[in-house]
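A.B. asks: prediction below, plus the sequence it came from.
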Amino acid sequence: QLRFVESGGGLVQPGGSLRLSCDTTGLPLDRYAINWFRQILPDKERERVSCKSSIDETTIYADTVQGRFNISRDNAKNTAYLQMNNLKPEDTGVYYCAAEPVYCSGRGESGMHYWGTGTLVAVSS
């Protein structure tokens, strides 16, 4: 049975760190690129912040998080991670993990085959 769930969100002060996890039990993670999206406002489109492909380990970061966030995956544990450092108030939002076949595409939300339910990250003093 497929399980696709994020965890690790919470309230953190500016400059702090959080590590998000994505449990993908039941999904052959080695066949999928893992994406992390975030939604800053309810009526805004989800923004992709990072992606890591399954075959060549290509990694992509949005300009807004480059140098602060790090995406990783442990295929044996069916788990993906997003390490977030030096968090800023503008990083506040709901973070989702999502999976698409093999490579990091440019298709955005429509290209994803699986979605988690999201975890809230709040950065505030």
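C.D. replies: Nice, I can see it.
A.B. asks: contacts only, for Gly8.
C.D. replies: Gly8 makes contact with 18-21, 119, according to C-beta atoms under 8 Å, 6 or more residues apart in numbering. Backbone N, C-alpha and C define where each C-beta goes, glycine included.
A.B. asks: if you skip the residues just before and after it, what's nearest to it?
C.D. replies: The shortest distance from Gly8 to any residue other than its chain neighbours is 4.2 Å, reached at Leu20 (C-beta to C-beta, 6 or more residues apart in numbering).
A.B. asks: what is the burial count for that neighbour?
C.D. replies: Leu20: 23 surrounding residues under other C-beta atoms under 10 Å.
A.B. asks: so it bridges to which residues?
C.D. replies: Judged by DSSP bridges, the bridge partners of Leu20 are Leu82.
A.B. asks: got it, and Thr59?
C.D. replies: Bridge pairing for Thr59 - DSSP bridges - gives Lys52.
A.B. asks: excluding chain neighbours, what is closest to Val121?
C.D. replies: Spatial nearest neighbour of Val121, excluding adjacent residues (C-beta to C-beta, 6+ apart): Gly9 at 4.8 Å.
A.B. asks: so who does the spatially most central residue of the chain touch?
C.D. replies: Compute the mean C-alpha point of the chain, and by C-alpha atoms, centre = their mean the closest residue is Trp36, 2.2 Å away. Residues in contact with Trp36 (C-beta under 8 Å, 6+ apart) are 20, 22, 48-51, 71, 80, 82, 95-98.
A.B. asks: from Ser17, how far out is the residue lying farthest from the centre of the chain?
C.D. replies: Among the C-alpha atoms of the chain, the one most distant from their mean position (C-alpha atoms, centre = their mean) is that of Ser125, at 23.6 Å. Distance, Ser125 to Ser17, by C-beta to C-beta, to the nearest Å: 15 Å.
A.B. asks: and what of Lys52?
C.D. replies: According to C-beta to C-beta, Lys52 and Ser17 sit 19 Å apart.
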